[in-house]
Structures are given as structure tokens and as C-alpha cells.
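**Q** got a predicted model here, sequence first, then my questions.
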Amino acid sequence: MNFFEKHGRMSGKMYKFAPKLVLLKRTWQERKNELPLLEKVTITDVAAEGKAVAKVNELVIFVPYVVPGDVVDLQVKRKKNHYAEAVAVKFHEKSPLRTEPFCSHFGVCGGCKWQCLSYEEQLKYKQKQVFDNLTRIGKVELPEFRPILGSEKTRFYRNKLEFTFSNKRWLTEEEVKQDVKYDQMNAVGFHIPGAFDKVLAIDKCWLQDDISNQIRNAVRDYAYAHNFPFFDLRTQEGLLRNIMIRTSSTGELMVVLQCKVTDDEGRRKMEEILQFMADSFPQITSLMYVINNKCNDTIGDLDVEVFKGNDHIFEEMEGLRFKVGPKSFYQTNSEQAYNLYKVAREFAGLTGNELVYDLYTGTGTIANFVARQARKVVGIEYVPEAIEDAKVNSALNGIDNTLFYAGDMKDILTNDFIAEHGRPDVIITDPPRAGMHNDVIDVILAAEPKRIVYVSCNPATQARDLQLLDGKYKVTAVQPVDMFPHTHHVENVVQLERR
């Protein structure tokens, strides 16, 4: 039965628009038919964002969840002039590089896209990613390009995860095919890529110590049993919004529950579920909560209250202790963070006489880590709470040769700032993924430190910045570090010397 048979006679106005309805339907059908099925295509390489690459008649095709050597049928989902995006719908041959994914959520969650690729090959492609970015984007000569430092732990390596509550659970393809109405549509887990209000219910995540799974699932089950409302991201209603879990190398455990609370009943329910966590998991050393009635989950501008225990946990390396609060940035792979900082310290080449600037210092981890080998360290960071933690970390470790300043890097690091605090001998910079602002680069060039150590979580923006520094500085050593197994992300440390 077509539209007109179903809805009967049309008015004159409806007849006027009927040809357009048919035309729209035909155009959509034609577009659908333009997306071909490509048979027996060999995957040849790995590309950005964790996708793999194939080429058919000079058309580059990006495909997720396949590895080089796979021979597959590809259904094109999106086609542009110079490239296409597709998904594998049938495997004819599986690559010897392929491994069996260990997570039941693989392919749906959107994270850990390289589980199907052996870890040795992951490291190979991450090393290649760094090399290609530095040489192609940065046009950098690489006199010493060291082999990537792999992570000893490839599972349960993260010290922090955040899970979202939603009343719109993402249904898998198998669930959709069953064509039934599900009684439970609440979920706590990860956002589905491309569907901001949908959350995939996570049963077990392999990224963080299993206590994280136990806490999340217990809170979920308690909320189910007591009919606590999960947040609706569209209507902005509901109690439970987010839960953050942090573990540490010292064995401490932080949990921060985020709720929307607008009345006494909401507060009562929030305190009830917090008490449930406190009773069920006595190993939690820092149990906190945030009342968030905004339209987003960011807590930088909100108060975090202690329900039980401390307002922080500690990380530790080389006998140094670092205070980490709920808003603090700390590298999410503690063991690899230590290796990363050792490389940064080595590249700094400190003798004990240097004035060091540590840009984007966070909680002062690198600043305090290198302070004992330097004359003085000046740290700058955007987040005021992190700077307060940095100061505490110095005091806690008996370090008295550090100074810390909070504010936007391009506003704090000026020529006047350098005139006041001294011209640095070494600059260590660890910016966010976007890299450094041009104003910051200009001040670095004007300061002319003898040496720069550039730590980056994005080799592409790092390469761009290196090109801007190239007039005065040459790259003398490069050390990639894998902080995030089973993902395409990679950290990279570059040593630059003044020409």
C-alpha cells in the first residue's frame, strides 16, 4: 500500500505538492543506489582515527574494524570526490595480523578500535604515524628517531574513566532485529559516536581495574531496583548524570557522582545512592558528588562536595607523591606516565643550574619531577585548582624551587613575564591536543632557551608547531610513547636544540 492508498483522497493543495513528494523519494532512492558494494577488496594500510585503508580504482576508502591483509566485501556508506567511507560486510580472508577482540562491546562502543590488530602491529603503526606527521607536516629532519616505548599493561591500564547515565539505551543490531519493546531502556556506559543522547550499556570495560566495573554495575542495579530516574539528554530531566572513577598507583580510589538535583526529594535520593556506595565499597577513599543543573556535564565551574573520605587521592613515582583532585589532570596511564616523564627529564639535559619553564604544567607533575635536577622551575597552567594542587605537591615533597601561575598560557607567558622571572634555559611544554597558540610560540622564540622539550598527545599539531619553531630550533631526538593500547592515540616527546 502506497502513501496515497493509505491516506485516501487528497485535497487540491495536496495534489499540488504530490509530485515533489515523489521526486524526493526517487532522489533518495537514486542516492542510495549510488553507494556500491565492493567485493573482495584487500585492506592495505592503517590511517588516522583508527581506521584502515583500501584503494579501488584510485579511490581511497576508509574502513573501521579491519586490518591490513583482510580481504573483505565493503558497503560504501559515504562517498566524496576523493575518498569514501565504508564498512566490512563479509570477510573472504582474514589477515595474519588480526587478533580476536577480547571485549564484548568491540565494534559498537567506538573505543579501542585496534583490538583486532596485534599489539606489536599497533606499535608499528603508531611509530609510523609519528614519523609521517613529523616529516610530512613538519618537514622535520629526524637525526635520532627512537623505537616507540610500548605499554607493559595492554588491559586495565587507565586510572580514570567516566560513565554517562541515560534513559535512552542504545540498542544493538541484534536487539533491533528482535522487534520487541524493552522494559529497561536506562543505561550507564559510554556515548555512542554520532548519537549524543544514546548511551551503550557497558557490562565490562577492560580499560580500568575491575573495581570500576563493580562500582558502576552496582550503582546501575541499585538505581534499577529503586526506580531512580536516569538523565534525559534531550529534555534535561532526571537525577543520575555521570559517574567518574579514579584509581591510583597508591591503591586509593576516588568516585565522583554527578546528579541533577532541584528539590529535597532529589537530594534524598542522591544521598541514598551515595550511602549505598559507601557501605558496599569501603575501599573508596574519596567519595564525592557534584550537583549539576546545567546543560552539560563539565564540572570545572561547579563545586565538588565530599560525602565521605578525602577530597583527593595520591599518585606516586620515584618517591614523589602527587595530589590529584576531582578536577585535576593527570596522565591516565600511570605506569607509562612515569616512562614519559623520564624521557622528558632526559631530553631536558639538566645539570642543576638551569631555569626551567614548564608550560601547561597541570598539577605540576613534570615540574616537580624535574625540580631536583634544576635550579628553579616555573610552571604555568590554565586550571586554578590544578595550580593549587601543584603548589601542594611541591610542599608535600619538600621542593622549594618551584613557582606556579594560573591563567591562559598566551596571557601569562609574555615578554614581561620573562623579564620578571628570568630567561629560561630549558622550556618543557605539554599542550592539549590543539597544540600551542601562535602567541606562545612567538614568546618561546623570543626567549631563545637553549633547549625545548615538546611533549604531545597529537603528533599532527606537534608537527605544525615544530615547523613554526624551525627557524631557530632543530629537532635532535624523538621518542614516541604508547599510553593508550588498542587505540590510535600516541604520545610523542621531541627534543629541540637552539641552532
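**A** Cool, got the structure.
**Q** in this structure, which spans are helices?
**A** Secondary structure of the chain (DSSP state H): helices at 3-7, 12-34, 119-132, 173-177, 211-225, 264-280, 334-348, 365-371, 384-396, 409-412, 415-421, 438-447, 459-469.
**Q** could you dump the ones you listed into CSV with mean neighbour count and distance to residue 199 added?
**A** (C-beta placed from N, C-alpha, C; glycine too.) As requested, those are arranged in CSV below (neighbours: other C-beta atoms under 10 Å; distance: least, C-beta to C-beta, whole Å):
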stretch, mean neighbour count, distance to residue 199
helix 3-7, 10, 35
helix 12-34, 10, 29
helix 119-132, 19, 27
helix 173-177, 9, 14
helix 211-225, 17, 11
helix 264-280, 15, 18
helix 334-348, 20, 27
helix 365-371, 26, 32
helix 384-396, 20, 28
helix 409-412, 16, 34
helix 415-421, 12, 44
helix 438-447, 17, 37
helix 459-469, 21, 30
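**Q** quick one, which of those is nearest to residue 187?
**A** Nearest to residue 187, of all the helices of the chain, is helix 211-225, at 8.0 Å by C-beta to C-beta.
**Q** which elements pack onto the closest one?
**A** strand 160-166, strand 187-192, strand 240-247, strand 253-259, helix 264-280 (3 or more C-beta pairs under 8 Å, 6 or more residues apart in numbering; DSSP states H and E).
**Q** list the contacts of the third one.
**A** Applying C-beta atoms under 8 Å, 6 or more residues apart in numbering, the set of residues contacting strand 240-247 from outside is 159-165, 188, 208-209, 211-212, 215-216, 219, 223, 228-231, 253-260, 273, 292, 297, 313, 324, 326.
**Q** list only buried entries from those.
**A** 159-161, 163-165, 188, 208, 211-212, 215-216, 219, 223, 228-231, 253-260, 273, 292, 313, 324, 326 (16 or more other C-beta atoms under 10 Å).
**Q** and residue 263, how far from residue 239?
**A** 11 Å (C-beta to C-beta, to the nearest Å).
**Q** the residue nearest to residue 258 when sequence neighbours are not counted: how many residues sit nearby?
**A** Spatially, and ignoring its direct neighbours in sequence, residue 258 is nearest to residue 242 (3.9 Å; C-beta to C-beta, 6 or more residues apart in numbering). Residues near residue 242, counting by other C-beta atoms under 10 Å, number 18.
**Q** again, but for residue 406
**A** 17.
**Q** so residue 369 touches residue 317, yeah?
**A** Yes: using C-beta atoms under 8 Å, residue 369 is in contact with residue 317, at 7.2 Å.
**Q** between the two, what contacts are shared?
**A** By C-beta under 8 Å, 6+ apart, the residues touching both residue 369 and residue 317 are residue 341.
**Q** show me where pLDDT drops low in this protein?
**A** Residue ranges of the chain with pLDDT under 70: 1-33, 180.
**Q** quick one, longest strand in it?
**A** If you go by DSSP state E, the chain has its longest strand at strand 83-93.
**Q** got the buried residues for that one?
**A** 84, 85, 86, 88.
**Q** I'd like those as TSV, with distance to residue 497 appended.
**A** Output for these, formatted as TSV (distance: C-beta to C-beta, whole Å):
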residue	distance to residue 497
84	44
85	42
86	45
88	46
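**Q** which one of the residues you listed is nearest residue 113?
**A** residue 88 (13.0 Å).
**Q** show me the contacts for residue 210.
**A** So residue 210 contacts 156, 204 (C-beta under 8 Å, 6+ apart).
**Q** how far away is it from residue 383?
**A** 30 Å.
**Q** before we move on, what about residue 428?
**A** Where residue 383 is concerned, residue 428 sits at a distance of 18 Å (C-beta to C-beta).
**Q** more neighbours, the two?
**A** residue 428 (29 against 19).
**Q** mind listing the residues bridging to that one?
**A** As for beta bridges, residue 428 partners with residue 358, residue 453 under DSSP bridges.
**Q** what's around residue 424, how many residues?
**A** 24.
**Q** thinking it is in contact with residue 357, fair?
**A** Yes: counting by C-beta under 8 Å, a contact exists between residue 424 and residue 357, whose distance comes to 4.3 Å.
**Q** now do the shared contacts for those two.
**A** With C-beta under 8 Å, 6+ apart, residue 424 and residue 357 have common neighbours 378, 447, 449.
**Q** format these as CSV; extra columns: distance to residue 284.
**A** Output for those, formatted as CSV (distance: C-beta to C-beta, whole Å):
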residue, distance to residue 284
378, 36
447, 45
449, 44
